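Student: okay, predicted coordinates and the sequence, questions at the end:
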Number of protein chains: 2
Amino acid sequence: MIKVIIIGSGNLAQHLIVAFQNSQNEGAGIELIQVFSRKKEALTHLVDSSKITSDYNQLLEADLYIIAVSDDAIASVSAQLPFEDRLVVHTSGGVVIDVLDNKNRKGVFYPLQTFTKNKAVDFKNIPMCLETENTADFQLLEKVAKSISNSVFAIDSHQRKALHVAAVFVNNFTNHLYQIGNEICQENQIPFDILKPLILETAQKIMHLSPEKAQTGPAIRNDKKTIEAHELFLSHKNQSTIYKLLTQSIQDNGKEL
Amino acid sequence: MIKVIIIGSGNLAQHLIVAFQNSQNEGAGIELIQVFSRKKEALTHLVDSSKITSDYNQLLEADLYIIAVSDDAIASVSAQLPFEDRLVVHTSGGVVIDVLDNKNRKGVFYPLQTFTKNKAVDFKNIPMCLETENTADFQLLEKVAKSISNSVFAIDSHQRKALHVAAVFVNNFTNHLYQIGNEICQENQIPFDILKPLILETAQKIMHLSPEKAQTGPAIRNDKKTIEAHELFLSHKNQSTIYKLLTQSIQDNGKEL
């Protein structure tokens, strides 16, 4: 039995707690023996309060400590752990492995997904990006990751940084384009619902087709008349600046920039 | 029985043919009596060749003629129709109703979706955006639209233009962001598959949450350290220009621009 402790009580920590409880029920050989939270009451709806501690000195001995706190707090949390030479991992896409304190063995356990409070996620499909300093730790971390997900990858700190940037493009920036679509609808008394099937299909399309092959629209067709009409239509400066830049980028695609 | 003729043999025309054949089988009171295609063989896999004509003078009398050709060809196709005062509609998001020839009654029958050749679509979920010049024609067009879709809207030419621009943002531009994500992965030996669950969840999230509420990431948090690290990471000029502009736009969101 691999003993796991989660440190943190936020969005990701809570989703991980649920995922480990499920894998435990399935008999995957992983046991979530304790959770650390400065505010016990933040987790009592998920975990028996006897298993929650708010005191670092009360932390039990475990095979793996998963720090699921905000990026800025990872270094100080890992420094406050009152033990040495155990496997301590963080869960962040944006932070290198070295930010963890040297007194313990380091690793990263990064689930590449966007988590929404109160919205269940199926961890089975979430890519788990793992990094450790040595092979034995990797094997342990891989076993733990496979207990909650079918999609496990070895990703080093440089690759994780690339992934984090890529995730900003396909998640944060994409959502902002949805937001602009929403604004355009609102200003023209059109229900945003009308765009939702297109939004879903756009995402589903590239599950089996490369984005390059899936590209359609006036930019890739170099349909100057439509592009010009769209630019005239857009009265908000930031919308038309984005329209021009992304149109240009689609047209330049493939050329060396 | 409402008699319908489709003019065109491209991607959308073929999807519409299949949709009407299905609704006909369900007894929706719509009959696709003929299809016009300059190249008969483009449609013989879908339609009995006796129902295909490549001669405008052979067009039968119908209640509705649906022109599903490229934007640039709509005007000339509608001008070549050898009859008057019948209901003739186009299927384009990017073209006003007035482009249709004056000799017939005009309308628009615009399915707001991205169509991929050889990929089946379920028309039931596709928003149909309808416009006509008079109420009786609208009622007929609505009946036809409802025979293939559960999602039917009255959208005038100005609104349709707005929708078309919005669709460029949420479809064409979003796909280009996927493409950039793909490039970043390739350059760092990371399988693009790792981003796919995130891409799907990003789209699914806004089915029930507004894009404004769904926005996450370093830009909305004003996490300057991460933003700076990402900008340093991006070596391609167009990627970093897009990163900067969209980050700024997220941060300016809600402010009057």
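Tutor: It's in.
Student: any idea of the mean pLDDT in stretch A:15-23?
Tutor: Here stretch A:15-23 scores 94 as its mean pLDDT.
Student: ditto for stretch A:134-146
Tutor: Mean predicted lDDT for stretch A:134-146 stands at 97.
Student: check which residues of that stretch are buried.
Tutor: Buried positions in stretch A:134-146, judged by neighbour count with 16 or more other C-beta atoms under 10 Å in any protein chain shown: A:137, A:140-145. The C-beta positions use only the backbone N, C-alpha and C, and glycine is treated the same way.
Student: which other residues reach it?
Tutor: A:2, A:4, A:29-30, A:63-64, A:87, A:89, A:105, A:107, A:109, A:128, A:130, A:132, A:152, A:154 (C-beta atoms under 8 Å, 6 or more residues apart in numbering or on different chains).
Student: circling back: mind checking which of the buried residues of stretch A:134-146 are in strands?
Tutor: Among the buried residues of stretch A:134-146, none falls in strands (DSSP state E).
Student: can you list which of those residues are found in helices?
Tutor: Those of the buried residues of stretch A:134-146 mapping onto helices are A:137, A:140-145, per DSSP state H.
Student: how many residues are close by the closest residue to chain B within the stretch 1-150 of chain A?
Tutor: The stretch 1-150 of chain A approaches chain B most closely through residue A:127 (4.5 Å), counting by C-beta to the nearest C-beta. Applying other C-beta atoms under 10 Å in any protein chain shown, we find 24 residues neighbouring residue A:127.
Student: tell me the phi and psi of it?
Tutor: phi -60, psi 130 (degrees, to the nearest 10).
Student: what residues does it make contact with?
Tutor: A:111-113, A:149, A:151-153, B:193-194, B:197.
Student: please enumerate the helices of chain A.
Tutor: A:11-25, A:74-80, A:135-148, A:157-167, A:174-187, A:196-205, A:211-214, A:218-221, A:224-233, A:237-252.
Student: against which helices or strands is the second one packed?
Tutor: Helix A:74-80 makes packing contacts with strand A:64-67, strand A:87-90 when contacts are defined by 3 or more C-beta pairs under 8 Å, 6 or more residues apart in numbering or on different chains; DSSP states H and E.
Student: ok, now the fourth one?
Tutor: If you count contacts as 3+ C-beta pairs under 8 Å, 6+ apart, helix A:157-167 packs onto strand A:105-111, strand A:128-132, helix B:174-187, helix B:224-233.
Student: could you redo the last one with a cut-off of 10 Å?
Tutor: Packing contacts for helix A:157-167, counted by 3 or more C-beta pairs under 10 Å, 6 or more residues apart in numbering or on different chains; DSSP states H and E, involve strand A:105-111, strand A:128-132, strand A:152-154, helix B:174-187, helix B:196-205, helix B:224-233, helix B:237-252.
Student: quick one: the ones you listed as TSV, columns for mean neighbour count and distance to residue A:210 too.
Tutor: Output for these, formatted as TSV (neighbours: other C-beta atoms under 10 Å in any protein chain shown; distance: least, C-beta to C-beta, whole Å):
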stretch	mean neighbour count	distance to residue A:210
strand A:105-111	23	25
strand A:128-132	23	22
strand A:152-154	17	20
helix B:174-187	23	7
helix B:196-205	21	12
helix B:224-233	15	23
helix B:237-252	18	18
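Student: how long is stretch A:67-81 from one end to the other?
Tutor: Distance between the two ends of stretch A:67-81: 11 Å, counting by C-alpha to C-alpha, to the nearest Å.
Student: swap in stretch A:83-94?
Tutor: End-to-end for stretch A:83-94, by C-alpha to C-alpha: 26 Å.
Student: specify the residue ranges that define each domain of chain A.
Tutor: A:2-155, A:160-252 (automatic domain parsing).
Student: re earlier: and of the helices and strands packed on helix A:157-167, who's closest to residue B:17?
Tutor: helix B:174-187 (26.1 Å; C-beta to C-beta).
Student: now that closest one and helix A:174-187, what's the angle there?
Tutor: Interaxial angle of helix B:174-187 relative to helix A:174-187 (axes from the mean of the first three to the mean of the last three C-alpha atoms, to 10 degrees): 170 degrees.
Student: as JSON lines, the buried residues of stretch A:134-146 with distance to residue B:51 would be great.
Tutor: Supplementary listing: those in JSON lines, determined by distance: C-beta to C-beta, whole Å:
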{"residue": "A:137", "distance to residue B:51": "68"}
{"residue": "A:140", "distance to residue B:51": "66"}
{"residue": "A:141", "distance to residue B:51": "62"}
{"residue": "A:142", "distance to residue B:51": "59"}
{"residue": "A:143", "distance to residue B:51": "61"}
{"residue": "A:144", "distance to residue B:51": "61"}
{"residue": "A:145", "distance to residue B:51": "57"}
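Student: low-confidence ranges in chain A?
Tutor: Chain A contains residues with pLDDT under 70 at A:254-257.
Student: hmm, try it at 90
Tutor: The model of chain A has pLDDT under 90 over residues A:24-28, A:94, A:114-122, A:235, A:253-257.
Student: count the residues that sit near residue A:49.
Tutor: Other residues close to residue A:49 by other C-beta under 10 Å number 10.
Student: okay but it is in contact with residue A:39, surely?
Tutor: No. Using C-beta atoms under 10 Å as the test, residue A:49 is too far from residue A:39 to be in contact (11.8 Å).
Student: now residue A:38: closest residue in space that isn't a chain neighbour?
Tutor: residue A:54 (5.3 Å; C-beta to C-beta, 6 or more residues apart in numbering or on different chains).
Student: what's the burial count for the one you found?
Tutor: 13.
Student: residues contacting residue A:109?
Tutor: A:4, A:16, A:64, A:66-68, A:87, A:89-92, A:128-132, A:141, A:144-145 (C-beta atoms under 10 Å, 6 or more residues apart in numbering or on different chains).
Student: one more pass at 7 Å, please.
Tutor: Counting by C-beta atoms under 7 Å, 6 or more residues apart in numbering or on different chains, residue A:109 touches A:66, A:89, A:91, A:128, A:130, A:141, A:145.
Student: what's across from the residue nearest to it when sequence neighbours are not counted in the sheet?
Tutor: Spatial nearest neighbour of residue A:109, excluding adjacent residues (C-beta to C-beta, 6+ apart): residue A:89 at 4.4 Å. Residues in a beta bridge with residue A:89, per DSSP bridges, are residue A:66, residue A:107.
Student: and for residue A:89, the neighbour number?
Tutor: 26.
Student: just checking, it touches residue A:68?
Tutor: No. Taking contacts as C-beta atoms under 7 Å, residue A:89 lies outside contact range of residue A:68: 9.5 Å.
Student: that older thread, give me whichever of the helices and strands packed on helix A:74-80 is most buried.
Tutor: strand A:87-90 (a mean of 26; mean count of other C-beta atoms under 10 Å in any protein chain shown).
Student: neighbouring contacts of that one?
Tutor: A:63-67, A:74, A:78, A:81, A:100, A:104-109, A:137, A:140-141.
Student: rerun that using 6 Å as the cut-off
Tutor: Contact partners of strand A:87-90, identified using C-beta atoms under 6 Å, 6 or more residues apart in numbering or on different chains, comprise A:64-67, A:74, A:78, A:100, A:104-105, A:107-109, A:137.
Student: ok, now stretch A:15-30?
Tutor: Taking C-beta under 6 Å, 6+ apart as the rule, stretch A:15-30 contacts A:1-2, A:4, A:6, A:31-32, A:46, A:68, A:115, A:121, A:123, A:144, A:147-148.
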